[in-house]
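Colleague: The sequence isn't on hand, but the structure is:
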């Protein structure tokens, strides 16, 4: 017994009184200790809830910012519903904290909301990032220029040369860039022996008439078309990479617009400059839900804009001067503005067909494709990636040659569009973009893409897709600006066909 209890017992002569007082003091102290612990625990929970609410507001706020900036969920008021849900959760959390109610439930509510916001934010950022990567190279194109010698030549460095052979008449700007770079980095001043084309320069090299040539990478496909083994015959002793700026898109706020779809004929980086073997003008009217695909044959004999100096050549050669040249050439031909472009190479074509589980088309003539040796009977055929590539590449086995190939390309494009605009494909939109980001290039902004997706989800239904192709007569006696030394197949455009094609494009644009 403590000293106070003893004194108490002595003073009052009550043996049990002090023990009772002591017990009361102990109980009271225990109660106060528990209250103090509960108070401290309540303060801790409140502090945790305040911190969780702050984290939630930051995450949800950034999520809403991205949703409204890029027009995500901007159909059937889903973006407004998402905003309302965020505000309701924030308000509920704030009131529960202020009135100190259901502290454990508040922690659970905020943790769950943070988890949902984090997952949603991650998904949106992934989607935005993936789509932006499709735009990443849309404002420039890449190419390289080299000095090449024969593969067995003892020359291994440009400093061993005094001159090179190059077509300064058709590609002088790029050739001078290369020579300036060599002078700056190698302290070597080379003179130029004139040739009419890169193909002519290559012929001079293998004939032994010159020791070295300048070779622009975008013209290598032209050389390869006549000399499939050219790459094994030469070695490049100096290479310089260049980039070329591409025009910004002509953003359209109207319900109708044009997209240039270009299929390049090379594997590798999508930003590489290359000939365009697929040239389709996609005219879209969102009001009437009509899409018109206009195929211009690769061999169409047209004035080539920009690098082609408006000299006539086959359309595919416009691609070697960059995508701008192809766009401007078609704009001049059809008298319309092209707002956006989509550029894909054959590797992306394969991936797209695989992602969609193949496509179904109607084949109106039996033929065997050189690529893959696939046989295609008349009637409905299901194409996997390799079969589809053979189907769109073949022209020599077709009755109408390149024009039939263009029609087959249209059939596959239509089949792809039908699958891409299905609800199932829209649900897998990010997966499709993720798989194609290195193989497709477009200058269509993300906001525009989302507006198209939102409009489709809002209105439902499917687009009616029609197709047409420009017609003409094949000739072998027309001069080529890019290949002046070669007799190439050209398609001289039929004026009545051109007038009909232009009228059909205008009808869709005007909603007729």
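Modeller: Yes, it's here. For clarity, every value in this text was computed on a predicted model and none was experimentally measured.

Colleague: ok, and the helix or strand in this protein with the lowest average confidence?
Modeller: helix 3-12 (a mean of 48; mean pLDDT, DSSP states H and E).

Colleague: you'd agree residue 282 is in a strand?
Modeller: Yes: counting by DSSP: H, G, I helix; E, B strand; the rest coil, residue 282 is found in a strand.

Colleague: Tell me the spatial nearest neighbour of it, not counting adjacent residues.
Modeller: Distances taken as CB to CB, 6 or more residues apart in numbering place residue 259 nearest to residue 282, at 4.3 Å, with adjacent residues excluded. C-beta: built from backbone N, CA, C; applies to glycine.

Colleague: Helix, strand or coil: sort out that neighbour for me.
Modeller: Assigned by three-state DSSP, the conformation of residue 259 is strand.

Colleague: and it, what pLDDT?
Modeller: Note on residue 259: pLDDT of 95.

Colleague: Please identify the helix or strand for the spatially most central residue of the chain.
Modeller: Nearest residue to the geometric centre of the chain (CA atoms, centre = their mean): residue 134, 2.4 Å. Using DSSP states H and E, the element containing residue 134 is helix 103-135.

Colleague: After that helix, which helix or strand is next? Please name it.
Modeller: Trace forward from helix 103-135 with DSSP H and E and the next one is strand 140-150.

Colleague: Confirm for me that the residue nearest to the centre of the chain is in contact with residue 445.
Modeller: No: if you go by CB atoms under 8 Å, residue 134 and residue 445 don't touch, sitting 10.3 Å apart.

Colleague: Can you show me the strands along the stretch 301-450 of the chain?
Modeller: 301-304, 311-314, 340-345, 359-363, 367-368, 375-376, 379-383, 440-442 (DSSP state E, counting those that start in this stretch).

Colleague: out of those strands, nearest to residue 330?
Modeller: strand 301-304 (8.4 Å; CB to CB).

Colleague: Touching that closest one from outside, list them.
Modeller: 296, 310-315, 317-318, 321, 325, 329, 332-333, 472, 475, 478, 481-482, 490-493 (CB atoms under 8 Å, 6 or more residues apart in numbering).

Colleague: List the buried residues in stretch 307-321.
Modeller: Buried positions in stretch 307-321, judged by neighbour count with 16 or more other CB atoms under 10 Å: 307-308, 313-321.

Colleague: distance between it and the chain's centre?
Modeller: Put simply, stretch 307-321 sits 25 Å off its chain's centre (CA atoms, centre = their mean, to the nearest Å).

Colleague: Residues contacting it, please?
Modeller: 218-219, 221-222, 262, 264, 273-277, 279, 296-306, 322, 325-326, 329, 478-483, 488-491.

Colleague: How about stretch 69-78?
Modeller: Contacts of stretch 69-78 (CB under 8 Å, 6+ apart): 66-67, 79, 82, 124, 127-128, 446-447, 450-451, 454-455, 457-458.

Colleague: rerun at 7 Å
Modeller: If you take CB atoms under 7 Å, 6 or more residues apart in numbering as the criterion, stretch 69-78 is touched by 66-67, 79, 82, 124, 128, 446-447, 450-451, 454, 457-458.

Colleague: is it true that residue 237 lies in a helix?
Modeller: No: with three-state DSSP as the criterion, residue 237 is located in strand rather than a helix.

Colleague: which intervals of the stretch 401-512 of the chain have sub-threshold pLDDT?
Modeller: 421, 423-424, 426-430, 433-438, 459-461 (pLDDT under 70).

Colleague: What ranges does it have for its helices?
Modeller: Shown for the stretch 401-512 of the chain, the helices assigned by DSSP state H, counting those that start in this stretch span residues 401-420, 423-427, 429-436, 446-459, 495-509.

Colleague: Relative to residue 62, which of the ones you listed is closest?
Modeller: Of the helices of the stretch 401-512 of the chain, nearest to residue 62 by CB to CB is helix 446-459, at 16.7 Å.

Colleague: Run through the neighbouring helices and strands of the closest one.
Modeller: If contacts are counted by 3 or more CB pairs under 7 Å, 6 or more residues apart in numbering; DSSP states H and E, helix 446-459 sits against helix 103-135.

Colleague: Give me the below-cutoff pLDDT ranges for the chain.
Modeller: For the chain (pLDDT under 70), the answer is 1-42, 137, 265-271, 346-350, 421, 423-424, 426-430, 433-438, 459-461.

Colleague: picking up where we left off before, same list (the buried residues of stretch 307-321) but as TSV, adding distance to residue 413.
Modeller: Formatted as TSV, the buried residues of stretch 307-321 follow (distance: CB to CB, whole Å):
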residue	distance to residue 413
307	27
308	26
313	25
314	21
315	17
316	18
317	22
318	20
319	18
320	23
321	24
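
Colleague: Tell me the one among these nearest to residue 233.
Modeller: Nearest to residue 233 among the buried residues of stretch 307-321, with distances taken as CB to CB, is residue 320, at 21.1 Å.

Colleague: Distance check, that closest one against residue 220.
Modeller: For residue 320, the distance to residue 220 equals 10 Å [CB to CB, to the nearest Å].

Colleague: Nearest residue to residue 398 in space, please, no chain neighbours.
Modeller: Nearest non-adjacent residue to residue 398 (CB to CB, 6+ apart): residue 404, at 3.7 Å.

Colleague: How many neighbouring residues does the one you found have?
Modeller: Per other CB atoms under 10 Å, the neighbour tally for residue 404 reads 19.

Colleague: Would you confirm that it contacts residue 394?
Modeller: No: Residue 404 lies out of contact with residue 394 (CB atoms under 7 Å); the separation is 8.6 Å.

Colleague: got any residues that touch both of the two?
Modeller: With the criterion set as CB under 7 Å, 6+ apart, the contacts of residue 404 and residue 394 do not overlap.

Colleague: Could you pull up the contacting residues of residue 139?
Modeller: Here residue 139 is in contact with 245-246 (criterion: CB under 7 Å, 6+ apart).

Colleague: now the residue nearest to the centre of the chain: how far from residue 128?
Modeller: The value you get for residue 134 to residue 128, if CB to CB is used, is 11 Å.

Colleague: swap in residue 53?
Modeller: In terms of CB to CB, residue 53 sits 26 Å off from residue 128.

Colleague: One more: residue 388?
Modeller: Residue 388 is 30 Å from residue 128, by CB to CB.

Colleague: next one: residue 282
Modeller: 24 Å.

Colleague: Of the two, which one has the most company?
Modeller: Taking neighbours as other CB under 10 Å, residue 282 and residue 128 compare with residue 282 leading, 21 against 17.

Colleague: Kind regards, and thank you for your time.
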